[in-house]
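K.L.:
Fold the following for me, if possible:
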Amino acid sequence: MEKKIYNTNNAVTEIRLKVTEYIQPNPAYRAKLGMLSTVSKIHNQGKALEFPQSEGLLGDCMLKYGHELGEDSTFGGALIDMGKAMKLMAEVKESFDINVKETFIDPLQLVHDEDLREIAHHLRRLEGRRLDYDYKRRRVGKIPDDEITQAMEKFEESKDMAERSMFNFLENDVEQVSQLAQFVQAALDYHQQSADILQLLQRKLRVRIAAASSLSRNNFRPQPLRRCPSALNVSAASSSRSKGEMPALGPGAPCGRVCRKPVLLCH
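P.N.:
Below is the predicted model of the structure:
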């Protein structure tokens, strides 16, 4: 029984850590997840601690550029659809994290902090009283018999308590199996909801692809540049000089100097 308790204690400790890493690979978010107060959430005494999910960050990015491109853009509309889906998946993921912590991680922590710690206390006391009894038993004749008898009774008492606590714990290991079942159910719900969101998103994208493929394609027509009136005057004056013609001088007429400024174009 002692060996089984030792292995169970190691399993509970390491599995709890690995499950936390599984639901939140990011160390910073993992630390925040560990700060979640299950009691305050159950009794509505405080708001559950929120932290950004990777799906939510991706969704924000897609929504931002989708709105910038606009709904009239096929790509922009698709980004908006996918951004909304990613935001929904972030909510599902956050619910999964909290659910696993409440139904699996916290109960395992409770088993470690209460049941296994109490058994460890009984085993330490048993070892101490065993050493005391062995010491006094080897000194028969030098130590009064009543002290040896008292040491033996304390050793037997600790032995009985340690054995009983280990036996009761090992007989009720169905509780740990129930916690595993809760973890599996939470994971199943999370993946099912995520699959539903992605399937709906896939149908929307297929509709957009079909609609875009059915539209007739427009032929490319280059847009001509419109010249500014001032640029046209400068161009005409330059053409006259190149032919040897003198521009007419008068109010508002350009002088005979060659303009070195670049020709301005109006779009």
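K.L.:
Would you map the strands across this protein?
P.N.:
Taking DSSP state E, the strands of the chain run over residues 226-227, 265-266.
K.L.:
Run the chain-centre distance for the first one.
P.N.:
So the one you mean is strand 226-227. 55 Å (Cα atoms, centre = their mean, to the nearest Å).
K.L.:
Name the strands paired with it and say parallel or antiparallel.
P.N.:
Within its sheet, strand 226-227 is paired with strand 265-266 (antiparallel), according to DSSP bridges.
K.L.:
Run through this protein and note the low-pLDDT ranges.
P.N.:
Judged by pLDDT under 70, the chain has its weakly predicted residues at 28-51, 228-267.
K.L.:
Mind doing that once more with 50?
P.N.:
Applying pLDDT under 50 to the chain flags the ranges 38-40, 42-49, 249-250, 252-253, 256-267.
K.L.:
need the helices for it, in chain order.
P.N.:
Secondary structure of the chain (DSSP state H): helices at 2-23, 27-34, 38-42, 54-69, 74-100, 106-110, 117-138, 145-171, 174-214, 229-242.
K.L.:
Highest mean neighbour count out of those?
P.N.:
Most buried of these by mean neighbour count (mean count of other Cβ atoms under 10 Å) is helix 74-100; its value is a mean of 19. Heads up, the C-betas are built off the backbone N, CA and C, glycines and all.
K.L.:
same for that one, what does it pack against?
P.N.:
In terms of contacts (3 or more Cβ pairs under 8 Å, 6 or more residues apart in numbering; DSSP states H and E), helix 74-100 is packed against helix 2-23, helix 54-69, helix 174-214.
K.L.:
could you dump these to a markdown table with distance to residue 168?
P.N.:
Formatted as a markdown table, the helices and strands packed on helix 74-100 follow (distance: least, Cβ to Cβ, whole Å):
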| stretch | distance to residue 168 |
| --- | --- |
| helix 2-23 | 11 |
| helix 54-69 | 43 |
| helix 174-214 | 11 |
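K.L.:
Out of these, which is closest to residue 159?
P.N.:
helix 2-23 (11.2 Å; Cβ to Cβ).
K.L.:
quick one: the closest one to helix 117-138, angle?
P.N.:
Computed with axes from the mean of the first three to the mean of the last three Cα atoms, to 10 degrees, the direction of helix 2-23 lies at 150 degrees from that of helix 117-138.
K.L.:
Mind giving me the packing neighbours of helix 2-23?
P.N.:
By 3+ Cβ pairs under 8 Å, 6+ apart, helix 2-23 packs against helix 27-34, helix 74-100, helix 106-110, helix 117-138, helix 145-171.
K.L.:
try 7 Å
P.N.:
Packed against helix 2-23 by the contact rule (3 or more Cβ pairs under 7 Å, 6 or more residues apart in numbering; DSSP states H and E) you find helix 27-34, helix 74-100, helix 106-110, helix 145-171.
K.L.:
Distance to residue 11 added to those, as CSV?
P.N.:
Compiled in CSV, these are given as follows (distance: least, Cβ to Cβ, whole Å):
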stretch, distance to residue 11
helix 27-34, 20
helix 74-100, 17
helix 106-110, 9
helix 145-171, 13
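K.L.:
Pick out the residue nearest the middle of the chain.
P.N.:
residue 53 (3.6 Å; Cα atoms, centre = their mean).
K.L.:
Can you name the residues that contact it?
P.N.:
Residue 53 sits next to 90, 93-94 when contact means Cβ atoms under 7 Å, 6 or more residues apart in numbering.
K.L.:
on that earlier part again, the helices and strands packed on helix 74-100: which one's closest to residue 99?
P.N.:
Residue 99 sits nearest to helix 174-214 of all these, at 4.5 Å, using Cβ to Cβ.
K.L.:
quick check: angle from the closest one to helix 54-69?
P.N.:
20 degrees.
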